[in-house]
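> Only the shape, not the letters, is given here:
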Ligand SMILES: Cc1cc2nc3c(=O)[nH]c(=O)nc-3n(C[C@H](O)[C@H](O)[C@H](O)COP(=O)(O)OP(=O)(O)OC[C@H]3O[C@@H](n4cnc5c(N)ncnc54)[C@H](O)[C@@H]3O)c2cc1C
Ligand SMILES: Cc1cc2nc3c(=O)[nH]c(=O)nc-3n(C[C@H](O)[C@H](O)[C@H](O)COP(=O)(O)O)c2cc1C
Ligand code: FES
């Protein structure tokens, strides 16, 4: 029951999405897993699991643990590697009309560049999302995304090889000033910023006095992080994105239309659904309906009017 | 396992009955909405559903066991996986039965379900047990909470493979932990005989063990199994072992399967965030074709695996 009078489209740089709903990296597989639950073509966009140069097995189990209104994960970037991804998964995307973004990760800048170069050849892809929440092995394991100089370098190097593909830089919230990092990414060529990745956290089993996750720490996601995510999105929108004209892809704990609208009002052009899909794999589609209803109720003819309209 | 993935969906189910079997164990019967019939009619033993329990109420405070008082305060986010202990699916009706044990905040909430309440579930998920053609005898090995899918499997074997002879080995910590079963005790004897109704009604010869000796053989179920296999030496080509229970028990069963050269399928459990292959939280370390390690997904590639494909730690 689409209401033809409401324009749900939003622009991400040169790309027009049919609506603002995008899957978050690592939470929706490679798309085919969701086929039984919804029509992928109804999504504004799709971001795949992080892909690295070589296949990665990932961490030992337990890889997840539930927390109050949230969960920790330490999957360890388990993925099939860029070679196999291009051979096996990219062709599957032909079945859908949805714009696909591939999230890329690495342990050195060279690795990121090598993956980006390969993916830049794939016609089907709309863009790449740079996951900079990974440890840099050459710099003693410091997370790329916490150091503005590294962010400048990695964004600049990857930008050189992506040709006409859109480059999204995905920010980590585990920093003192997220706007400083956002600025570094924008200055060195990011077309779009996405936020936020998970918050580093720990759960302890008090019987064994050990962390529950095999990896000891994990990333907190889900409704528990939503208010912090909304705040950070609004901060980056006001301090960096708005003046630079760089759209934000944002999320953290979204599970219904009200959550998504909050992010749009805070400054997001598109909203990501991550952990929410685990609970209700079809929630993105329901959220789209909910956004339409909200627009009707508020006499809004185009969702884009809502972006960053926070009073 | 190599069965084709079945179509899965999200369904509403109404509670027909939620009956306690002792303090900790419950039997939940659910009738699924009609739309589900087409999805569940081909569901197999060993498959499971993911139930959304986030909306369910807690029991009143005085009914919350002391050991769960703290964890009961936690909000629930993720769905919880449960195997079918039975499933009856026809063109006009699907009824599934779940046997569950109250262990934490989710199962504590499930206790409060009443006849007529509704829950939301996703299923049927994963790949169940397969029954190879040439088998003449099946050995079921259930440890602790591993009984439900094997109770279902026993029924399927009895119905569809009458020529397969079934023997069950059931182990628990104590007699009280056997409570997934309807137990009949012959009180006249000094050490009472116990029959597990779910197996007894199909005339399945059942051997019981408890860690403390409060019923049956004193020791692990796998010790009892080893003794029997040693005595009977069943032919590997004609026999198959099906096992479900704690990982250590499955690992010991897998070792026996290797020692006695009897093929074995195990149903594994992992913490699952999604149950449908989205998150990779449920990794199971397996051998790949070239002898290396590969992680398979318990929810999508399993939960039933061949014992010799799993790398047991
Ligand atoms: C495929 C599958 C089928 C299952 N079938 C059944 C069933 O038929 N009947 C039944 O009673 N239970 C079954 N379980 C286990 C059931 O899902 C958990 O007991 C339930 O999620 C506990 O939720 P809770 O919030 O009450 O307790 P929690 O607080 O989440 O857990 C209580 C304790 O159990 C452990 N635990 C919970 N889930 C798992 C798991 N998946 N693997 C290993 N340890 C775990 C926790 O670490 C904790 O120590 C199944 C699990 C899987 C993966
Ligand atoms: C199980 C899981 C796996 C994830 N994997 C990735 C990943 O591979 N790359 C990445 O950039 N983000 C990953 N994320 C982070 C999400 O994309 C998202 O940024 C974060 O979970 C916050 O959103 P949410 O609360 O809606 O889930 C993962 C999150 C979860 C829960
Ligand atoms: S539970 Fe998410 S992939 Fe298995």
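Yep, that arrived. The shown structure was predicted, so the numbers you read here are calculated from the model rather than taken from an experiment. Ligands and ions are numbered 1, 2, ... in the order given.
> so what pLDDT did residue A:73 get?
What the model reports as pLDDT for residue A:73 is 95.
> Would you mind confirming that residue B:13 makes contact with residue B:31?
Yes: taking Cβ atoms under 8 Å as the definition, residue B:13 is a contact partner of residue B:31 at 6.4 Å. For every residue, glycine as well, the C-beta is placed using N, CA and C.
> Which one of these two is surrounded by more residues?
Comparing residue B:13 with residue B:31 by other Cβ atoms under 10 Å in any protein chain shown, the one with more neighbours is residue B:13, at 23 against 18.
> Three-state assignment for the more buried one, please.
strand (DSSP: H, G, I helix; E, B strand; the rest coil).
> got it, and the one 5 residues further on?
For residue B:18, the reduced secondary structure class is strand; criterion used: three-state DSSP.
> what's the distance between the nearest residue in space to residue B:260 that is not next to it in sequence and residue B:147?
If the residues on either side of it in the chain are set aside, residue B:260 comes closest to residue B:229, at 4.9 Å by Cβ to Cβ, 6 or more residues apart in numbering or on different chains. With distances taken as Cβ to Cβ, to the nearest Å, residue B:229 is found 21 Å from residue B:147.
> Name the residue in the two with the higher neighbour count.
Applying other Cβ under 10 Å to residue B:229 and residue B:147 shows that residue B:147 carries more neighbours, namely 28 against 18.
> Which residue comes closest to that one once chain neighbours are left out?
Counting by Cβ to Cβ, 6+ apart, residue B:147 lies nearest to residue B:180, which is 4.5 Å off, once chain neighbours are set aside.
> correct me, but that neighbour touches residue B:26?
No: applying Cβ under 8 Å, one finds residue B:180 not in contact with residue B:26, separated by 9.6 Å.
> of the two, who's got more company?
Using other Cβ under 10 Å, the more surrounded residue of residue B:180 and residue B:26 is residue B:180, with 28 against 22.
> Could you pull out the buried residues of stretch B:77-91?
By neighbour count on 16 or more other Cβ atoms under 10 Å in any protein chain shown, the buried set for stretch B:77-91 is B:77-87, B:89.
> If we check chain A, which of these are in contact?
Of the entries in the buried residues of stretch B:77-91, those that also sit close to chain A under the rule Cβ under 8 Å from any Cβ of the partner chain are B:77-79.
> Which ones among these also lie next to ligand 2?
When contact is defined as Cβ under 6 Å from any ligand atom, these do not meet ligand 2 at all.
> In a markdown table, list these along with secondary structure.
Supplementary listing: these in a markdown table, determined by three-state DSSP:
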| residue | secondary structure |
| --- | --- |
| B:77 | coil |
| B:78 | coil |
| B:79 | coil |
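> Can you redo those as a markdown table, where the extra columns are pLDDT and distance to residue A:59?
As requested, those are arranged in a markdown table below (pLDDT from 0 to 100; distance: Cβ to Cβ, whole Å):
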| residue | pLDDT | distance to residue A:59 |
| --- | --- | --- |
| B:77 | 96 | 21 |
| B:78 | 97 | 19 |
| B:79 | 97 | 22 |
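> ok, the residue of the stretch 1-150 of chain B found nearest ligand 3 to residue B:53 distance?
Here the residue of the stretch 1-150 of chain B nearest ligand 3 is residue B:81; by Cβ to the nearest ligand atom that distance is 8.2 Å. Distance check for residue B:81 against residue B:53: by Cβ to Cβ, it reads 11 Å.
> again, but for residue B:274
Relative to residue B:53, and taking Cβ to Cβ, residue B:274 is found at 15 Å.
> Those two - which one has more neighbours?
The residue with more neighbours, out of residue B:274 and residue B:53 and counting by other Cβ under 10 Å, is residue B:274; that gives 28 against 20.
> doesn't the more buried one fall inside a helix?
No: in this structure, residue B:274 is coil, not part of a helix, as judged by three-state DSSP.
> Many thanks, we can stop here.
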